[in-house]
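>>> Here is the input, now give the coordinates:
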Amino acid sequence: QVQLVESGGGLVQPGGSLRLSCAASGFTSAVYAIGWFRQAPGKEREGVSCISSNDLETTYTDSVKGRFTISRDNIENTVHLQMNNLKPEDTAIYHCATHNACSSRPLRWGHGTQVTVSS
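Below is the predicted model:
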């Protein structure tokens, strides 16, 4: 079955860390750029980070620069998003998606994982 499955979300206090994973099955994710998006209640979905298919390009939205790091593990067919120094405004459902390039529209979405940052 061709799918993306996110994991690693949860409840964390401000200043804490989480590591999200986007596991691909039924296809090789290495041939795609993988993007992370998030959507908070009442807000539009926003792009958080992206890694190109050749891993040479990584992008981050300004609000997460210096706190989040995207990486790829081709052996596990997985892309990770390490999130440090989390803030309440990072609370959202996080989705990953495949792209032909980070600048192109998403092709396939995962179902998402909830991240809640609260004391």
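>>> Every contact and neighbour count from this point should use C-alpha atoms.
OK.
>>> List the contacts of residue 33.
50, 51, 52, 53, 54, 98, 99, 100, 101, 102 (CA atoms under 8 Å, 6 or more residues apart in numbering).
>>> got a pLDDT number for it?
The model reports residue 33 with a pLDDT of 96.
>>> Looking at the contacts of residue 33, which one is closest to residue 83?
Of all those, residue 50 has the smallest distance to residue 83: 13.7 Å, by CA to CA.
>>> quick check, the closest one in a strand?
Yes - counting by DSSP: H, G, I helix; E, B strand; the rest coil, residue 50 is part of a strand.
>>> who does it bridge with?
Under the criterion DSSP bridges, residue 50 forms beta bridges with residue 35, residue 59.
>>> what's the distance between it and residue 1?
24 Å (CA to CA, to the nearest Å).
>>> And the two? Which one has more around it.
residue 50 (29 against 7; other CA atoms under 10 Å).
>>> Number of residues surrounding residue 47?
17.
>>> Let me see the mean pLDDT of the host helix or strand of it.
Taking DSSP states H and E as the definition, residue 47 sits inside strand 46-51. If you average the pLDDT over strand 46-51, you get 98.
>>> which helices and strands does it pack with?
Here strand 46-51 touches strand 33-39, strand 58-60, strand 68-73, going by 3 or more CA pairs under 8 Å, 6 or more residues apart in numbering; DSSP states H and E.
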